[in-house]
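Student: Got a sequence here, can you model it:
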Amino acid sequence: MNDSFRTADAIGLAHALHDTRDATLELLDCFLQAGLGDAAALPAQEGISPPLWEFGHIAWFAEWAVLRGMAHDAPALLSRGDDWFDPARVPREARWQLPLPGAGALKTYCHEVLDRVQDRLARLDTGTDVALYPYRLALAHEDRRGEALAALLQTLGVPAPAHLQAAAPAWAQGEIRFPGGTLQMGGAPQDGFVFDLEQPRHPRRVAAFTLDSALVSNLQFEEFVEDGGYREPRFWSPSGHRWLQAEQRVAPRDWRRDGGQWRALRFGRASVLAPHQPVRHLSLYEAQAYCVWAGRRLPTEAEWEYAAQSGHPALRWGDLWEWTCTPFETYPGFVASPWRQGALPYDARHQAVRGASLATPARSRWARQRRFLLPHCNWAFVGFRTCAF
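Tutor: Next up, the predicted model:
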């Protein structure tokens, strides 16, 4: 099988669709075993949907993308499927009050959709990028929603599958000087599957810059915390300071003081903070404040892609999504795909993040991949690295 889903053939996609569904079911079972299958048993989480809604939406999306030909007026397997699981119809906050079917009924629906998708894929008479696009889209969507479910496990303190609890690598800290030049930024048709927000490919001039070789570590961020970083308004932007006052934070969201040391909550378990692992679950405001304190800055989105595309052996990325200093915008010449609801932010307040995370399947890791988060978002698997001025 091809390592990347973006250029995977029908056989590779068939295996990957089973793999991602097994992973989704494993995540769902974590919530069910914790007694959190019913949205009524959960506190509503900003920016996150209930696990049963996510599960039903994943199956609904595969049905819409493949079986219904991306047509909202095509017949659906569930009579109320669109009313329950189409995000264009159901705002995020309303998903916590929906009278959804139970886990057993949704699992039956999910298996039926996957069986039909696999049957249609097996009978596909061409393996062109156009023909395989709906299957790759369904796979990419489920991989991404799986990351959201993994983040919800962390947020709610629910034990996670073993691969999510593995310790992140502790890379050596250093700096890399990049000479700059013209970056061919974004995806192109020869890349196979490309999200609309990742294209078209276009030239971008990048000046010389110096970038951290690894993400900022817990130890480095602890120095900021211990130096009064959360108490000094001068380190924070006006919007960041308003966020800080509202949140009343003195450290990252999952840090807890235990005597003379910090402990970190990881899927409901507290452990001594690993000093050389990357600091995670930070808002953009916290990353910006650290940079001011350290006399550094966040990289631009173009600098990040330039560095990742360089293939420099000392550059380590993929352990966490990474904040950039670039507000999220579409590329010049952007054309929206049929899945506009899931591909674009709802407003202009989002920030571009780059990379991948511990919850990103290997097949979905790509140096040109783009995502976006609201500045206050700290529930995602996100960290940051810095640039020299």
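
Student: quick check, V194 in a helix?
Tutor: No - V194: not assigned to a helix; according to DSSP: H, G, I helix; E, B strand; the rest coil it is coil.

Student: For the nearest residue to Q184 once chain neighbours are set aside, grab the count of nearby residues.
Tutor: Nearest residue to Q184 in three dimensions, chain neighbours excluded: R201, at 5.5 Å (Cβ to Cβ, 6 or more residues apart in numbering). All C-beta spots, glycine's among them, are computed from the backbone N, C-alpha and C. R201 has 19 neighbours, counted by other Cβ atoms under 10 Å.

Student: what's near enough to touch R201?
Tutor: Residues near R201 by Cβ atoms under 8 Å, 6 or more residues apart in numbering: 184-188.

Student: need the next SSE after the lowest-mean-pLDDT helix or strand in the chain, C-terminal direction.
Tutor: Lowest on mean pLDDT, DSSP states H and E among the helices and strands of the chain sits helix 340-343, with a mean of 59. Sequence-wise, the next helix or strand downstream of helix 340-343 (DSSP states H and E) is strand 351-355.

Student: From the contact counts, what lies against that next one?
Tutor: helix 301-310, strand 321-327, strand 370-373 (3 or more Cβ pairs under 8 Å, 6 or more residues apart in numbering; DSSP states H and E).

Student: Give me the contact list for the last one.
Tutor: This means strand 370-373. By Cβ under 8 Å, 6+ apart, strand 370-373 touches 195, 197-198, 284, 301, 321, 323, 328, 345, 350-354, 380, 382.

Student: my read: Q369 touches R354, true?
Tutor: Yes - assessed by Cβ atoms under 8 Å, Q369 is found in contact with R354 at 7.3 Å.

Student: so the nearest residue to R280 once chain neighbours are set aside bridges to which residues?
Tutor: Distances taken as Cβ to Cβ, 6+ apart place G383 nearest to R280, at 4.9 Å, with adjacent residues excluded. Note on G383: beta-bridge partners by DSSP bridges are E322.

Student: how much space is there between G383 and W323?
Tutor: Per Cβ to Cβ, to the nearest Å, G383 is found 8 Å from W323.

Student: longest single helix anywhere in this structure?
Tutor: helix 129-156 (DSSP state H).

Student: Please point out which parts of it sit buried.
Tutor: 132-156 (16 or more other Cβ atoms under 10 Å).

Student: tell me what that helix is packed against?
Tutor: helix 10-33, helix 51-62, helix 103-122.

Student: Now the next helix or strand after that helix - C-alpha only, CSV.
Tutor: Once the chain leaves helix 129-156, the next helix or strand it forms, by DSSP H and E, is helix 162-165. Extracted C-alpha coordinates of helix 162-165, given in CSV (Å, rounded to 0.1, in the frame of the first residue of the first chain):
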residue,chain,number,x,y,z
ALA,A,162,-2.2,2.9,24.1
HIS,A,163,-0.8,4.5,20.9
LEU,A,164,-2.1,7.9,22.1
GLN,A,165,-0.5,7.5,25.5
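
Student: My read is that A307 contacts L211, right?
Tutor: Yes - in terms of Cβ under 8 Å, A307 counts as a neighbour of L211; the distance is 5.4 Å.

Student: More neighbours: these two, which one.
Tutor: Using other Cβ under 10 Å as the criterion, A307 and L211 rank with A307 on top: 25 against 21.

Student: List the residues that contact that one.
Tutor: 176, 178, 211, 299, 315.

Student: if we can go back for a sec, next, the angle helix 51-62 makes with the longest helix of the chain.
Tutor: Between helix 129-156 and helix 51-62, the angle comes out at 180 degrees (axes from the mean of the first three to the mean of the last three Cα atoms, to 10 degrees).

Student: Neighbours of Q245, how many?
Tutor: 11.

Student: Determine the three-state secondary structure at it.
Tutor: helix.

Student: Give me the distance between it and F334.
Tutor: Taking Cβ to Cβ, one finds Q245 at 37 Å from F334.

Student: what do you get for C110?
Tutor: On the measure of Cβ to Cβ, C110 and F334 end up 33 Å apart.

Student: neighbour count winner among these two?
Tutor: Between C110 and F334, counted using other Cβ under 10 Å, the more crowded position is C110 (21 against 14).

Student: tell me which residues in stretch 337-357 are buried?
Tutor: Quick answer for stretch 337-357 (16+ other Cβ under 10 Å): 337, 339, 344-345, 350-357.

Student: Okay, now it: how far is its last residue from its first?
Tutor: Stretch 337-357 has an end-to-end distance of 25 Å (criterion: Cα to Cα, to the nearest Å).

Student: circling back to that earlier point, pick the one among the buried residues of stretch 337-357 closest to P99.
Tutor: W339 (26.1 Å; Cβ to Cβ).

Student: Contact partners for the closest residue to that closest one other than its chain neighbours?
Tutor: Once flanking residues are discounted, W339 sits nearest to L137: 6.8 Å by Cβ to Cβ, 6+ apart. L137 is in contact with 65, 193, 339, counting by Cβ under 8 Å, 6+ apart.

Student: My read is that the last one contacts P87, right?
Tutor: No - with contact defined as Cβ under 8 Å, W339 does not count as touching P87 (10.1 Å).

Student: now, which of the contacts of A307 sits nearest F235?
Tutor: P299 (19.0 Å).

Student: Can you pull out the low-pLDDT segments for this structure?
Tutor: 1-2, 340-344, 346 (pLDDT under 70).

Student: Against G383, how distant is G240?
Tutor: Distance from G240 to G383, by Cβ to Cβ: 17 Å.

Student: of these two, who's got more company?
Tutor: Neighbour totals were compared for G240 and G383, and G383 leads with 26 against 21 (other Cβ under 10 Å).

Student: Is the more buried one in contact with L284, as I believe?
Tutor: No - counting by Cβ under 8 Å, G383 stays clear of L284, with 11.3 Å between them.
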